[in-house]
Structures are given as C-alpha cells and as structure tokens.
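**Student:** What shape does this take:
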Amino acid sequence: MKSTTIGIDLAKRVFQVSTADGARHITKRQRLTRPQFEKFIATTPATQLVMEGCSSAHHWGRLAQRHGHQVKLLHPLYVRPYLRRNKTDAADALVRAAADPDLKPIAVKSEHQQALQSLHRIRAQWQRSRVARINEARALLAAKRARAREKTLTELQCWALQTEARVGHNKAAVALANKMARILWAVWTRHSVFDGNHAKRYH
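**Tutor:** Residues are numbered from 1 along each chain as shown. Modelled structure (predicted):
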C-alpha cells in the first residue's frame, strides 16, 4: 500500500522519521541528519508530513510545502497521549495522532508572521517586567513613607517621596521604577557599589 503519512520528530542534528501506509501501519523508520533530511523532503513524492508545532517546524513546513507536501503541525500536548514508549516513539506517535479528526492542526506561519509573533512575545515580557518594577517601586514607597519619621532618608528615598507628593503615587512609582532600572544598569556595567545618597551619578 502506498505511503501516505510521514511523522517527523524534529531535532537540531538527527531527525526521527516514521513512514506509514494508508492503514497507518509503520513501514519504515529512519534517522536522518539535517542535510539528509533536507534531501528527503526534496526527493520524497508529495505526501502528508506531520510534525509537532514549534518554531523550527514552521521553517521545515514552508520548505516541505514548496516541494508539494501537505504539512500538518500538531500541538505537543495533543501528541503526548499517543506516545507508547519514550522519546524514540515520537515520530510514530505523530502518525497515530494525525489520524485523529478531532485534533485541530496549527497553520504553518510565514517568516513575517513568525517575526511578528516574536515581537509580541518580547513586548509581553517587557510589560510583565515593567509591572513587576512598578509593584516593587510602590512597595518601596509605602515602606519608606512608614519609616520616614524614624530615620534619615537617603537622597533617592527623598526624591521618591517628593516626586510622589508632586505627581501622585502611581506616576511616582513608574518614575522610581525607571530610575531604579537605570541605576541597576549603571551599577552592573560600572561594577560599582550602590549608594542611595549619590543617586544622581547613576544617570
């Protein structure tokens, strides 16, 4: 029976490839290096290739589509229940998972779409980091207000409290977070010791 489905376990150096017939019976298993895998895609008659959806899968998916293959990318969580042994069974599991009509495949992304997705992820990470800095700054402001009458404040602490009085708590927290980020960078790159009474030198 003619091969109709090929499961591919992607890796950096060695690719596990399982070829199945129309009844989803594995007829051949191969371990291919990267150059061998590229040749395999180019020389294999057009058929269905199944891979786990990851960043490199989109690259290989685009290449396979240019050679006329039908590419099916599946979420790793969908493939896991089909594993019977261990990692070496991953390509076989992809063949088994591809037969499930209820599993929704991932669309192969273009290079532009992947780049845009990466930018969104970077932006999301930056936003989480920014929120964390602001929350730290708010906690610092609250703590310093409570201790303001108990001891002499540093130049940085005075600046933070004065800024809060001038523009409000939320804006002061953002300003302090930004200043702390600049101070951390300066201390790290100059290999110096932080001194809250000389905050201006970190600008």
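**Student:** Provide the secondary structure category for the residue nearest the centre of the chain.
**Tutor:** For the chain, Arg121 is the residue whose C-alpha lies nearest the centre (Cα atoms, centre = their mean; 6.9 Å). Here Arg121 is recorded as helix under DSSP: H, G, I helix; E, B strand; the rest coil.
**Student:** Only alpha carbons, please: show whichever strand or helix holds Ala186 as PDB.
**Tutor:** Using DSSP states H and E, Ala186 maps to helix 169-190. The C-alpha trace of helix 169-190 is given here as PDB (Å, rounded to 0.1, in the frame of the first residue of the first chain):
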ATOM      1  CA  HIS A 169       1.600  57.700  43.900                       C
ATOM      2  CA  ASN A 170       1.100  55.900  40.600                       C
ATOM      3  CA  LYS A 171       3.200  58.300  38.500                       C
ATOM      4  CA  ALA A 172       5.900  58.400  41.200                       C
ATOM      5  CA  ALA A 173       6.000  54.500  41.200                       C
ATOM      6  CA  VAL A 174       6.600  54.500  37.400                       C
ATOM      7  CA  ALA A 175       9.300  57.200  37.700                       C
ATOM      8  CA  LEU A 176      11.000  55.400  40.500                       C
ATOM      9  CA  ALA A 177      10.900  52.100  38.600                       C
ATOM     10  CA  ASN A 178      12.500  53.700  35.600                       C
ATOM     11  CA  LYS A 179      15.200  55.300  37.800                       C
ATOM     12  CA  MET A 180      15.900  52.000  39.500                       C
ATOM     13  CA  ALA A 181      16.300  50.300  36.200                       C
ATOM     14  CA  ARG A 182      18.900  52.900  35.100                       C
ATOM     15  CA  ILE A 183      20.700  52.600  38.500                       C
ATOM     16  CA  LEU A 184      20.800  48.800  38.200                       C
ATOM     17  CA  TRP A 185      22.300  49.100  34.700                       C
ATOM     18  CA  ALA A 186      24.900  51.600  35.800                       C
ATOM     19  CA  VAL A 187      25.900  49.600  38.900                       C
ATOM     20  CA  TRP A 188      26.200  46.500  36.900                       C
ATOM     21  CA  THR A 189      28.200  47.900  34.000                       C
ATOM     22  CA  ARG A 190      30.500  50.100  36.200                       C
END
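**Student:** Report all helices and strands that that helix contacts.
**Tutor:** Taking 3 or more Cβ pairs under 8 Å, 6 or more residues apart in numbering; DSSP states H and E as contact, the helices and strands that helix 169-190 lies on are helix 111-147, helix 155-167. All C-beta spots, glycine's among them, are computed from the backbone N, C-alpha and C.
**Student:** Now do the first one against helix 169-190, angle only.
**Tutor:** Computed by axes from the mean of the first three to the mean of the last three Cα atoms, to 10 degrees, the angle separating helix 111-147 from helix 169-190 equals 110 degrees.
**Student:** Tell me the gap between helix 111-147 and the middle of its chain.
**Tutor:** 16 Å (Cα atoms, centre = their mean, to the nearest Å).
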